[in-house]
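[1] Structural data only, the sequence is not supplied:
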C-alpha cells in the first residue's frame, strides 16, 4: 500500500480501467495492483470487470475486440496532473501504444473524478467530460459506490438508468482486488463469447478512451 509521499491531505478519486487486447482481465488486475503501489495512491475498492462493445469515432464497432472495463476508487495525496502522469506510466508499462486515436489498446486508465480538483481545463478536465454517457464507467462505479454522484451531473444511478445500453458481466469473475479465479479446465473457454449486439447509445460518437488519459480519453 502506498504512502502519501508527503504531498498533502488525501482525497478521493475515481479511475476507470479498460483493455481490449491481450489477457484483458489479467491486465486490469495487474493495473489495480500497480495503482495501489504508486507513491501517494491507495486503492480503496475495485469493481468486478465487465465487457462492452468497442466505441470508436464512428460509434459502436462490433468488429473490434470487445473491451473489459472496471472502476477503482482511490485515495490520493497527489494533484491531478501528477496523478495523470502516474496513470500514463502504468499504461506504458503495459505496452500502451498511442498510434490510432480511439484505437485498440492493451490498457487505458482514465481519471474520472478527483475530489476538489477541476483539472487545468486543457490537459486535464474533471470530471471526465463524457463519463455520464458511458455505461461501462457508470455501472462498475455504481457497484463499488452505490451512492456515487458525478460532479455537476447528479446521481450515477440516475445517469445509468437513462442510458439505453448496458455492459455484460463476465461469468466467474469477482472484484479486481480479489484473487483471480482458478483457471478453467482444459477445453473450457477462459472467457465467454462476445456479447450480442446492443442498442447503440443515443449520444454523439466519442472515443472509448485515448488521447491524454483525461481530456476525454476513456471509457
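    Ah, there it is. If you're wondering where the values come from, they're calculated on a predicted model, not measured in any experiment.

[2] Every contact and neighbour count from this point should use C-alpha atoms.
    Will do.

[3] buried set for stretch 119-126?
    119, 124, 125, 126 (16 or more other CA atoms under 10 Å).

[4] Relative to residue 49, which of these is nearest.
    residue 126 (23.5 Å; CA to CA).

[5] Next, give phi and psi for residue 106.
    phi -80, psi -30 (degrees, to the nearest 10).

[6] One more: residue 83?
    Per degrees, to the nearest 10, the backbone of residue 83 is at phi -70, psi -40.

[7] oh, and call the first residue 40 from now on, that's how I've got it
    Yes, from this point I'll number from 40; that puts the last item at residue 122.

[8] Look at it and say how many residues are nearby.
    20 (other CA atoms under 10 Å).

[9] same deal with residue 191?
    Count around residue 191 with other CA under 10 Å applied: 7.

[10] same deal with residue 221?
    8.

[11] Just want to check the distance between it and residue 213.
    Residue 221 sits 11 Å away from residue 213 when distances are taken as CA to CA, to the nearest Å.

[12] ditto for residue 187
    Taking CA to CA, one finds residue 187 at 20 Å from residue 213.

[13] Following the helix or strand containing residue 69 in sequence, what is the next regular element?
    Using DSSP states H and E, residue 69 sits in helix 63-76. Per DSSP H and E, the first helix or strand lying C-terminal to helix 63-76 is strand 80-85.

[14] That following strand pairs with which strands, parallel or anti?
    Strand 80-85 pairs in its sheet with strand 106-115 (antiparallel), by DSSP bridges.

[15] Out of the helices and strands in the protein, which is least certain?
    Ranked by mean pLDDT, DSSP states H and E, the weakest helix or strand in the chain is strand 98-100, scoring a mean of 71.

[16] What's the mean pLDDT across the helix holding residue 69?
    For helix 63-76, mean pLDDT is 96.

[17] Compute the inter-axis angle for that helix and strand 80-85.
    140 degrees (axes from the mean of the first three to the mean of the last three CA atoms, to 10 degrees).

[18] buried sites along helix 63-76?
    Neighbour-count burial for helix 63-76 [16+ other CA under 10 Å]: 63, 64, 66, 67, 68, 70, 71, 72, 73, 74, 75.

[19] Likewise for stretch 75-90?
    Buried-residue list, stretch 75-90, by 16+ other CA under 10 Å: 75, 77-82, 84-90.

[20] now do stretch 89-97
    89, 90, 91, 92, 93, 94, 95.

[21] Would you map the strands across the protein?
    50-58, 80-85, 89-91, 93-95, 98-100, 106-115, 147-153, 188-189, 193-194, 207-208 (DSSP state E).

[22] if we can go back for a sec, want to try a markdown table for the buried residues of stretch 89-97, with pLDDT and distance to residue 122 as columns?
    Below are the buried residues of stretch 89-97 laid out as a markdown table (pLDDT from 0 to 100; distance: CA to CA, whole Å):
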| residue | pLDDT | distance to residue 122 |
| --- | --- | --- |
| 89 | 97 | 24 |
| 90 | 96 | 26 |
| 91 | 94 | 26 |
| 92 | 89 | 28 |
| 93 | 82 | 26 |
| 94 | 77 | 25 |
| 95 | 73 | 26 |
